[in-house]
Structure formats: C-alpha cells, structure tokens
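Q: Take a look and give me a structure for this.
(chains A and B)
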Amino acid sequence: MNKTKSLSEYKRRKRIIDGIGTAIVWLFVIAALFPIAWMILTSFMTQSDIATGRIGIPNHWKNYVDMWKNVDFFNYFKNSVIVCGITTVVALGIATFAGYAVARFKFPGSGIFGAAVLATQMVPGIMFLLPLYLMFIKIQDTLGIQIINTYAGLILVYSAFYIPFSIWILRGFFAGIPKELEEAAIIDGCSGFEAFLKVILPIARIGLIATGIYIFLMAWDELLFAWVLTTSSDVATIPVGIRLYVGNYQNRYDLLMAAGCVTTLPPLMIFFGLQKQFISGMTAGAVKA
Amino acid sequence: MSKVAKGLNKKGTVKKSLLSQIKKNKLAYGLIAPALIAMFVVHLVPIVSGIWMSFLKLNQFTLKKFLRAPFIGLQNYWTVLFDPTSTIRSGFIDALRNTAIFSVICSFLVIGIGLLLAILLNRKFRFQGLARTLLMTPWVVPSFVVGLLWGFMWQQDGVINKLLVDIFHFLPEGPYWLTGPKVLIAIIIPTIWRTVPFVMLMLLAGLQQIPVDYYEAAEIDGANSWQQFRSITLPLLRSVLSIQILNGIINYIYSFNIVAMMFGHGAGFPGKYGDLLMTNINRNSFQIWQFGPGAAATVIVMICVLGLVALWYKVFQDDLVVND
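A: The predicted structure follows:
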C-alpha cells in the first residue's frame, strides 16, 4: 500500500519536473526568436512609427522596395553571393583532398601538418590582415597586380582562411568511413585516387554538405577583411554596404531592418533546407576531438 | 621519430626509408599540396611578417616600405604595455580588462545555458524537434546583422527599454545601455544569444551518444537526477565540453563583429568600458595607421591565448579522444 503510494507520488513529481523543463525550453525559444521577430516587425513599419515608438499594423511593404533604391543593395548582395559562393567551392574542394589525406595516410610530416591545421585556429584574423594588407599594397606598387578591391583577392583570402577548419571537420568524417571500401575498390582495379573519387566521396556526401554550409555561413558573416580589402563599391560585400542606411547621412532603421532580413534570408534558407545533413555531418566530424 | 628508427633497423639507412616512405605516399602529398600552398601563402607568410612588423616603426609615413621600415626593437611593445604617456597603452589596458571580463562571463553563461538546453532537449516532449529548430535560429543570423539589430534594440527609446519600463515595470526609467559601464552588458547578451545555439547543438549530439542503459541502471540503484548528472552525464560529456570550452575561449577573446557593428556602425568605438581587444587593435591600425603597435598588441594577445590553450590542454588532456 505504502509502496504504491510512494511510486505514484514519485511519478507525479517526475511529471511536474518534466513540465517545468519543457516550460524553460519554450521560454528560451521566445528569447531566441524575439529579436528576430522584432527585426521582421520593424522592417514593415514606417520610419515615423519607429521614431515615435508607436507599434502600428506592420503593413509597410514599401521598405522592401525602397531599400534597393536608397542604397545600391543589390550590388552588395550580388558581390556577397559571388565571393561566398566561389569561396565555398574552392575551400571545400581543397579541404576535401587534404582532409582525406590526413584521415587515411600516415606519411612523414602528417603529424606536423595536422598540428599546423589546428594552430591556425589560434591566430586572430587581424594577425593575417595587417601584413596581408601591406603586402597587397606592396605587390600593387612593385608588380602592378591589383589585389585589393578585386573579387579574386577576397576569394583567395577567404578560401585559404576557411581551409584549415574544414580539413579538421572532414578529417573526422573520413576517419569514420571503413578502410575496407577503398581496399575492395583497389582490388577491383581502381587506382587509389579513383577509389577516393568514386567510392569515398559519394559516401562522404553529408560531411561535404555540412562543411560547405559551414564555409558559406562563415564567409557570409565575414566583416574584418571585407572592410579593409573592399573599399570600392564595385566589389564590396554586404557588411560594407549595409552600414550606409544609418550613420553619417541618414538614419533609416526601417530600411536597415528590411536589409537585415534580406541578408539573413540566404543563410536561413540554406540552414533550414539542409538542416538534417548539416546537423548529422557537423556532429559526426566535430563532436569528436 | 620512432618510425624513422624502425625504418633504420629494417632497411639500413634513414634516408632511404624516408625517401621510400615519401614515394609510397605520393597520393597523400598530392592531396595536401593545394592546402599546403594556401596555408603557406595566407597563413605562414603573414604570421611571420606580422611578428616581424611588431618590431618595426610602421605608420602612415613608412607604410609603403612594409618589411623594410626602420627596425626599433621592442619599442612598440613598450608603447603598448608600459609607456605612461601613450594613449595606445591606456586604450589597450582598458580593452584587455574588458575582454577578460567579457570572455569569462560569456564562457560560463554560454556553456551553462547550452548544457541546460541540451539536457532539456534530450528528453521526449511534444514538439521537441520544433523547439530545437527554433532554438537554432539565432545562429543563422549573420553576426554583423546581430550587431546592428541589437544596437537598435538597446537604444534609449528602443524596444528593450520599452519592455523593461513600460510593459514589465522592472525599471522606473530606461537606462542608456550604449554608454558607460553598462556597455559590457549590451555586448555580452547578444554574443550569448548568438553563440548558445551552436554549443547547445554540439552538446546535444554528445548527450545522444551516452547509452540510455546507464541512466536506467543508475535509476534502479536509486541515484537521483543530480547524482546521475554528476556521475554519468558530466564525465561522459567532458570531451565534447572541452572542445566547446576551447572554441569559446578563442572566439570570445578574438570577438569583433558584433561590437564593431553595434557601435558607430563600423567606427567601432564602444568607449573605454566596452572596447574589446580586436576593435581596439583594428582602430589603431586602420584609423590612425599605427601598424607597429597594432602588430605588437596582436602578438601580445596571441601569446596570452596560447598560454590559455596550454592551460586548457593541461586540464583536459585526458579527455581528448583521438579518432584514428
């Protein structure tokens, strides 16, 4: 009698604790979504509503028309898509080769290479930026090759920048694929490289997608190099252009928030479209040390 | 090293075995070659020249000389660390203090909240998948948008003060979040907001690898939730946690985007109470063209980070699984 009572009491308490836990989760969901909701809401409000703090009906679609006129935002958006897209392809390609090599082969220097890959993660971006900036000026002066204010310059720097981390994620991913698969392919007459291309790459697809998403999101997010290396509006990316809505000449928070929503859209679509692949790919490679 | 020695026993000469090893691994070298070249040009060369730059007198007049600018020894380090008359020094010390406070608070809160959410999400409840997806959204917002958005929200007549004063009545009147000592709060909260989701995701993945039977066995033995957390969850999560802690240390100390965008929309000066190391160094370099002290300050920060990483390694050494 006593025992069953304590058991039901125990179950009841467990249910209450479970309920509190779930409530906490949803509170955090609200905290996570509120700023985003606010950004969307104000992007549909008029400038004067924002200034006076009156929250009217958010039906001011015109911001999404005006934001492209007030600042040549399409140009910056296009530049970001070009730079980040090419960077993703280049960095992912190079990192895939290297990640596979580090995961599969023990060769003289492989330990040092692995350590170097990790060491690059401990160096701040500005450590690269100061010398690279001066180096690029020097190259332009002496050789006449322009690097600053070109797509190629930014793509070169970004690609090289995201390679080490991508190698690290992919290495973990390739290490999880059984070696027997290539061995079988080689017995069937493939060369080592063919076995990698035809057998391993298709299996590693999810890891490649996850790493590609990661590179794209990092490049889309990059600010420091973009500010210094793209001063001309021809090649400048979104972080450079989006500042023009507010500051010295105007304070168009309505348009800024609309532009913020537009800027968030590509990463959002990529992430939610490929969420499954991203999560399983990232966690397979990155959870393990 | 041991491999070379083994080769010596078998084949006679070190040189030959090394050469044959290299020949045998032609494919591997071919595969890493592009990455190696990229890392050499954009990582190694800049780091070495950056360290060299910290010993040079590099300002707007000598900028074009680059590595041939006048050598001045440790004077840049003196300017950054000790020179009592230098405004660069006082700025650097402020930034160092702010960054230390910022990093410690962010580290604890992000790991704490991330772990709490991961544990709560690792149960069965209604709309569990939806909650996880929604909790991930802040991570998708680009950090420069985060800076602009929160800068807008923190304004004196902004939505945060509206919530605190008019709706919840926590405060009698709205404070100025973007000036004075409160600036640090205005920087920390958006950083946590954007970082927690990813940490949560990684910790959740770690939790899901812990076999459920462990908890069932503990339950039968009468262990309560706290005991289960302490003797099952925490020890088995240590390796995942350690990686996230390291990641955090590096990211917070080198954090730049949110602060730079939140203040002056890129002018990036949050005042002496909110300036971080990276915004400070960036301004000294690209606004007043003091590249020498900028490089010296960067080297100092890097040495501090390497020290912290070494400390981290000492603490978590045993938890690192090498997956070969």
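
Q: So B:Ser255 lies in a strand, does it not?
A: No - assessed with DSSP: H, G, I helix; E, B strand; the rest coil, B:Ser255 is coil; it does not lie in a strand.

Q: May I have the residues that are in contact with it?
A: Residues in contact with B:Ser255 (C-beta atoms under 8 Å, 6 or more residues apart in numbering or on different chains) are B:Phe102, B:Thr191, B:Leu276, B:Met278. Any C-beta I mention is one placed from the backbone N, CA and C, and that applies to glycine too.

Q: Count the residues that sit near the first one.
A: Pointing back at B:Phe102 there. Look at B:Phe102: counted by other C-beta atoms under 10 Å in any protein chain shown, it has 22 neighbours.

Q: Downstream of the helix or strand containing it, the next helix or strand is which one?
A: Element membership of B:Phe102 [criterion: DSSP states H and E] is helix B:87-121. Of the helices and strands lying after helix B:87-121 in sequence (DSSP H and E), the nearest is helix B:128-140.

Q: Spit out the contact partners of B:Glu219.
A: Per C-beta under 8 Å, 6+ apart, neighbours of B:Glu219: B:Gln228.

Q: per-residue pLDDT, it?
A: B:Glu219 carries a pLDDT score of 85 in this model.

Q: Format the CA atom coordinates belonging to the host helix or strand of it as CSV.
A: Using DSSP H and E, B:Glu219 sits in helix B:212-220. C-alpha atoms of helix B:212-220 as CSV (Å, rounded to 0.1, in the frame of the first residue of the first chain):
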residue,chain,number,x,y,z
VAL,B,212,20.3,5.1,-22.1
ASP,B,213,21.0,1.9,-20.1
TYR,B,214,23.5,3.8,-17.9
TYR,B,215,20.7,6.1,-16.6
GLU,B,216,18.3,3.1,-16.3
ALA,B,217,20.9,1.2,-14.2
ALA,B,218,21.5,4.3,-12.1
GLU,B,219,17.8,4.7,-11.6
ILE,B,220,17.5,1.1,-10.3
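
Q: and that helix, how far out from the chain's middle?
A: Its chain's C-alpha centre and that of helix B:212-220 lie 36 Å apart, by C-alpha atoms, centre = their mean, to the nearest Å.

Q: cool, and stretch B:58-73?
A: That offset, for stretch B:58-73, works out to 31 Å (C-alpha atoms, centre = their mean).

Q: Give the buried residues for that stretch.
A: Neighbour-count burial for stretch B:58-73 flags B:Leu58, B:Thr62, B:Phe66, B:Ala69 (criterion: 16 or more other C-beta atoms under 10 Å in any protein chain shown).

Q: Pull out whichever of the residues you listed are also neighbours of chain A.
A: By C-beta under 8 Å from any C-beta of the partner chain, the members of these lying near chain A are B:Leu58, B:Phe66.

Q: Switch the buried residues of stretch B:58-73 over to JSON lines; also include secondary structure and pLDDT.
A: Converted to JSON lines, those look like this (DSSP: H, G, I helix; E, B strand; the rest coil; pLDDT from 0 to 100):
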{"residue": "B:Leu58", "secondary structure": "coil", "pLDDT": "82"}
{"residue": "B:Thr62", "secondary structure": "coil", "pLDDT": "76"}
{"residue": "B:Phe66", "secondary structure": "helix", "pLDDT": "77"}
{"residue": "B:Ala69", "secondary structure": "coil", "pLDDT": "80"}
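
Q: Please name every helix or strand in contact with the next helix or strand after the helix holding B:Glu219.
A: Sequence order places helix B:225-228 as the next helix or strand after helix B:212-220, per DSSP H and E. Counting contacts by 3 or more C-beta pairs under 8 Å, 6 or more residues apart in numbering or on different chains; DSSP states H and E, helix B:225-228 packs against helix B:212-220.

Q: follow-up on the earlier one: can I get the buried residues of stretch B:58-73 in TSV with distance to B:Met261?
A: Formatted as TSV, the buried residues of stretch B:58-73 follow (distance: C-beta to C-beta, whole Å):
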residue	distance to B:Met261
B:Leu58	27
B:Thr62	31
B:Phe66	30
B:Ala69	32
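
Q: Nearest to B:Gln244, out of the buried residues of stretch B:58-73: which one, please.
A: B:Leu58 (37.3 Å; C-beta to C-beta).

Q: and that closest one, what does it touch?
A: With C-beta under 8 Å, 6+ apart, B:Leu58 has these contacts: A:Leu134, B:Phe66, B:Ala69, B:Gln290, B:Phe291, B:Gly292, B:Ala295.

Q: Do I have it right that the second one meets A:Leu134?
A: Pointing back at B:Phe66 there. Yes - between B:Phe66 and A:Leu134 there is a contact at 4.7 Å, judged by C-beta atoms under 8 Å.

Q: Name the SS class of the spatially most central residue of chain B, please.
A: Closest to where the C-alpha atoms of chain B average out (C-alpha atoms, centre = their mean) is B:Asn251, at 1.0 Å. For B:Asn251, the assignment made with three-state DSSP gives helix.

Q: Also A:Glu222?
A: Assigned by three-state DSSP, the conformation of A:Glu222 is coil.

Q: residues contacting it?
A: Counting by C-beta under 8 Å, 6+ apart, A:Glu222 touches A:Tyr158, A:Thr237, A:Pro239.

Q: Among the residues you listed, which ones are in helices?
A: If you go by DSSP state H, the contacts of A:Glu222 have A:Tyr158, A:Pro239 in helices.

Q: give me the subset of the contacts of A:Glu222 touching chain B.
A: For chain B, the contacts drawn from the contacts of A:Glu222 by C-beta under 8 Å from any C-beta are A:Pro239.

Q: Make JSON lines from the contacts of A:Glu222 and add neighbour count to it.
A: Formatted as JSON lines, the contacts of A:Glu222 follow (neighbours: other C-beta atoms under 10 Å in any protein chain shown):
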{"residue": "A:Tyr158", "neighbour count": "25"}
{"residue": "A:Thr237", "neighbour count": "28"}
{"residue": "A:Pro239", "neighbour count": "29"}
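
Q: quick revisit: so the residue nearest to the centre of chain B touches B:Thr195, yeah?
A: Yes - the pair B:Asn251 / B:Thr195 is scored as a contact, 7.3 Å apart, by C-beta under 8 Å.

Q: From A:Lys106, how far out is B:Lys26?
A: Applying C-beta to C-beta, to the nearest Å, the value for B:Lys26 to A:Lys106 is 14 Å.

Q: sorry, that was for A:Ile209
A: Shown here: A:Ile209 relative to A:Lys106, a distance of 28 Å by C-beta to C-beta.
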